[in-house]
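Student: model the following, please.
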Amino acid sequence: MTKVHRTISEIKQLIGTLTESDPILEELKQDERKGVQKLLLQLERERMKQAKEKKEFQDLTRYEKELRLQGFTRIAGIDEVGRGPLAGPVVTAAVILPHDFYLAGLNDSKKLSEGKREEYYGYIQDHAISIGVGMVHAEEIDSINIYQATKKAMNDAIIHLPVQPDYLLIDAMKLQSPYPSQSIIKGDSKSISIAAASIIAKVTRDRMMKEYAEKYPGYAFEKNAGYGTKDHLNGLGKLGVTPLHRKSFAPVKELLQTKG
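Tutor: Got it, this is the predicted structure:
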């Protein structure tokens with residue numbers, strides 16, 4: 001009796017549901033059709049990708065796991081976005097994640113596409129235990145300097161957490177706080193909590209800058225988020241300084257001095 005092969009279409013529907021020990025998988029490996037072998041290769045690549053993402057995610061949870069072993073349960077990751085732009089606020093976020101949180105591919109927000117950041121932002125909002133956001137605007141940045149403004153925004157983010165933390169993991173900054181804390185250089189690529197905070201801060205700020213672009217057209221804020229791109233500098237030269245601009249930052253400061 002001739003063995004009836006499954007169609008390529010049927011296999012395509014089936015293959016993603018198979019476990020590595022499934023006898024059907026062994027059967028398919030013996031199938032010499034190019035279409036079947038191509039599907040098996042795609043499956044293998046997808047599984048390797050998932051295994052890599054899982055390992056990377058496990059590496060990102062190392063700080064949180066060590067702290068939980070010490071008895072801490074509400075670990076807040078804290079990060080900032082917007083220290084370098086010529087316009088707009090510096091925005092910070094504090095995020096407390098549950099111990100079983102999992103989001104493959106979560107990493108430094110700057111390395112992700114805008115679409116992925118938006119997707120991850122929604123997921124973090126839905127699954128985090130607590131999220132706080134802080135920001136300091138241009139006028140105050142000019143008054144107290146960007147370093148102090150960033151610290152102030154971070155402390156505000158902590159205050160705005162609906163559930164207060166018992167430990168802080170902070171990206172590259174040291175804060176005076178009632179909570180024990182640890183500063184981690186490049187923390188958004190080493191701690192899952194800081195990586196989540198990076199996403200919240202980045203998406204929050206980018207959305208704000210797109211709204212500002214409608215109020216102050218001509219600076220391309222929707223594209224550059226206030227950074228000193230060619231379009232932004234051209235806008236500054238033609239239209240001048242807005243209330244969003246940081247007057248203590250070159251070249252805004254130089255432009256004001258020239259016109260003054």
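Student: low-confidence ranges in the stretch 1-150 of the chain?
Tutor: 1-5, 108 (pLDDT under 70).
Student: that one: helices as residue ranges?
Tutor: Per DSSP state H, counting those that start in this stretch, the stretch 1-150 of the chain carries helices over the ranges 8-15, 23-29, 34-60, 62-69, 114-127, 138-144, 146-159.
Student: contact partners for Leu256?
Tutor: Residues in contact with Leu256 (C-beta atoms under 8 Å, 6 or more residues apart in numbering) are Val241, Lys247. All C-beta atoms are positioned from the backbone trio N, CA, C, and that covers glycine.
Student: spatially central residue for this protein, please.
Tutor: Ile199 (2.5 Å; C-alpha atoms, centre = their mean).
Student: now do the SS call for it.
Tutor: Assigned with DSSP: H, G, I helix; E, B strand; the rest coil, Ile199 falls in the helix class.
Student: was I right to think it contacts Gly105?
Tutor: No - if you go by C-beta atoms under 8 Å, Ile199 and Gly105 don't touch, sitting 11.0 Å apart.
Student: give me the common contacts of those two.
Tutor: Leu112, Tyr120.
Student: just put the helices of the stretch 1-150 of the chain in JSON lines and tack on mean neighbour count and distance to Leu233.
Tutor: What follows is these, written out as JSON lines (neighbours: other C-beta atoms under 10 Å; distance: least, C-beta to C-beta, whole Å):
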{"stretch": "helix 8-15", "mean neighbour count": "14", "distance to Leu233": "51"}
{"stretch": "helix 23-29", "mean neighbour count": "13", "distance to Leu233": "58"}
{"stretch": "helix 34-60", "mean neighbour count": "13", "distance to Leu233": "37"}
{"stretch": "helix 62-69", "mean neighbour count": "15", "distance to Leu233": "40"}
{"stretch": "helix 114-127", "mean neighbour count": "15", "distance to Leu233": "23"}
{"stretch": "helix 138-144", "mean neighbour count": "17", "distance to Leu233": "17"}
{"stretch": "helix 146-159", "mean neighbour count": "20", "distance to Leu233": "19"}
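Student: Throw the ones you listed into TSV and include distance to Ala250, thanks.
Tutor: TSV is the format used below for these (distance: least, C-beta to C-beta, whole Å):
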stretch	distance to Ala250
helix 8-15	57
helix 23-29	62
helix 34-60	36
helix 62-69	37
helix 114-127	28
helix 138-144	13
helix 146-159	13
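Student: Arg207 is nearest to which of these?
Tutor: Closest to Arg207 of the helices of the stretch 1-150 of the chain is helix 114-127 (C-beta to C-beta; 9.2 Å).
Student: what residues are up against the closest residue to Thr73 other than its chain neighbours?
Tutor: Spatial nearest neighbour of Thr73, excluding adjacent residues (C-beta to C-beta, 6 or more residues apart in numbering): Asp166 at 6.5 Å. Counting by C-beta under 8 Å, 6+ apart, Asp166 makes contact with Phe72, Thr73, Arg74, Ile75, Tyr179, Pro180.
Student: how close does Asp166 get to Ile131?
Tutor: Going from Asp166 to Ile131 by C-beta to C-beta, to the nearest Å gives 16 Å.
Student: ditto for His245
Tutor: According to C-beta to C-beta, His245 and Ile131 sit 29 Å apart.
Student: of these two, give the one with the bigger neighbour count.
Tutor: Remark: of His245 and Ile131, His245 carries more neighbours, 25 against 22, as counted by other C-beta atoms under 10 Å.
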